[in-house]
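In: Fold the following for me, if possible:
(chains A, B and C)
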Amino acid sequence: MPELPEVETVCEAIKENIKSRDILKFNIFNPNLRWRIDKKINNNISNNHINRIYRKGKYIILRFAHGSLLIHLGMTGVIKLLNNHNKTSKHDHFDIVFKNGNVLRYNDVRKFGSVHWVEDLKKHFLTKGLGVEPLSKDFNFEYLYKISKQKNVSIKNLIMNQKVLTGVGNIYASESLYLSKIRPNKKSNRLTKKNHHELVLSIKKVLKKAIKSGGTSLKDFKNIDGTPGYFKQKLLIYGKEYCQCGEKVKNIKINGRASFFCTSCQS
DNA sequence: AGAACCACCTGGCAGC
DNA sequence: TGCTGCCAGGTGGTTC
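Out: Here you go, the predicted structure:
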């Protein structure tokens, strides 16, 4: 579920709302996530101080002096801020308990998320190969064009490849391709230079706009205080039946993922 | 080597 | 009502 804007929203909310950065303990309720939660995380973070809270791609990173806590929300991961030790509910997996009583609680219905203690992010198997950040200046025409030409995949798969571009998922890939009038199943090496220029701009535009709206709420995404994001109302093609031009929207599978596009507006 | 497919898991919904 | 089948925002690992 959560793509870059949702993770960014959660990250910012944690920064703003956590009044203490000193951790008391790490409580595990259900260790079964994509990878079993390591009990040793408690030893690594209890009685330690978070120096920095930030996002890399779809990962939330809590940085300590001697390593980082790496959190991925998978499809249905939700982080809530609680002010006391509320009793746990179904699908709660762990708490990060702060010394002032604040609690960050991770809930994940489908268990596709993860949490790891990582000493060196550059060497960890989940983070070492991550591509460029879409909102950074490293993501530009030259970068995308070069990779596009050397790959033989659909452009949608290319921009969703986290080793190429980190943070873009199924919704924002569809939206960006719609904005730049490119069909999602078009092979990346067949796009024109103009296509690439427009796609880079569209991806940045869509992501920025979504962050401004607090992310997209379909079924599961909720911000840290339980409020939903409002980008869903602004989606132009994902999940739509008709395009703004009046044409019926096509929904095809690309690599098993629903891919929406307009046969009239996109070519 | 690179691309496509599968598996992991739960819940919601449509159709019968 | 209840059962079945299909669908869902992700991605590492396996297979082709």
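In: Give me the buried positions along stretch A:131-143.
Out: Of the residues in stretch A:131-143, those with enough neighbours to count as buried (16 or more other C-beta atoms under 10 Å) are A:131-134, A:139, A:143. For the C-beta atoms, the positions are set from N, CA and C on the backbone; glycine is no exception.
In: How about that stretch and DNA strand B, touching?
Out: No: legend: contact between stretch A:131-143 and DNA strand B by C-beta under 7 Å from any atom of the strand is lacking; minimum distance shown is 13.2 Å.
In: sorry, back to before: closest to DNA strand C among the buried residues of stretch A:131-143?
Out: Lowest distance from DNA strand C to the buried residues of stretch A:131-143 (C-beta to the nearest atom of the strand) belongs to residue A:131, with 10.9 Å.
In: contacting residues around the closest one?
Out: Neighbouring residues of residue A:131 by C-beta atoms under 8 Å, 6 or more residues apart in numbering: A:57, A:161-166.
In: what's the spacing between the closest residue to it other than its chain neighbours and residue A:43?
Out: Computed as C-beta to C-beta, 6 or more residues apart in numbering, the closest residue to residue A:131 that is not its neighbour in sequence is residue A:164, at 4.4 Å. In this structure, residue A:164 and residue A:43 are separated by 36 Å, where distance is defined by C-beta to C-beta, to the nearest Å.
In: higher neighbour count, those two?
Out: Here residue A:164 and residue A:43 are compared on neighbour count by other C-beta atoms under 10 Å; more neighbours surround residue A:164, at 22 against 12.
In: Assess the claim that the more buried one and residue A:146 are in contact.
Out: No: with contacts defined as C-beta atoms under 8 Å, residue A:164 does not count as touching residue A:146, sitting 10.6 Å away.
In: In chain A, what residue comes closest to DNA strand C?
Out: In chain A, the residue found nearest to DNA strand C is residue A:169; the distance is 2.0 Å by C-beta to the nearest atom of the strand.
In: Report how many residues lie close to that residue.
Out: Neighbouring residues of residue A:169 were enumerated by other C-beta under 10 Å; the total is 21.
In: I'd guessed it sits against residue A:160; true?
Out: Yes: with the criterion set as C-beta under 8 Å, residue A:169 and residue A:160 qualify as a contacting pair; they are 6.4 Å apart.
In: How about the residues of chain A by DNA strand B?
Out: Looking at DNA strand B, the residues of chain A close enough under C-beta under 7 Å from any atom of the strand are A:32, A:34, A:90-91, A:109-112, A:151-154, A:157, A:219, A:255-256.
In: show me which of these neighbour DNA strand C.
Out: Checking the residues of chain A next to DNA strand B against DNA strand C (C-beta under 7 Å from any atom of the strand), the matches are A:34, A:110, A:112, A:219, A:256.
In: Pull out the buried positions in stretch A:93-103.
Out: By 16+ other C-beta under 10 Å, the buried positions in stretch A:93-103 come out as A:93-98, A:102-103.
In: scratch that, stretch A:147-167 is what I was asking about
Out: Buried residues in stretch A:147-167, counted by 16+ other C-beta under 10 Å: A:147-148, A:153-160, A:162, A:164-167.
In: per-residue confidence for the residue of chain A closest to DNA strand C?
Out: For residue A:169, the pLDDT comes out at 96.
In: Spell out the residue ranges of the strands in the stretch 1-150 of chain A.
Out: Per DSSP state E, counting those that start in this stretch, the stretch 1-150 of chain A has strands spanning A:23-28, A:52-56, A:59-64, A:67-72, A:77-82, A:92-98, A:103-108, A:114-118. These are given in chain order.
In: These: lowest mean pLDDT?
Out: Between the strands of the stretch 1-150 of chain A, the lowest average pLDDT goes to strand A:77-82, which shows a mean of 91.
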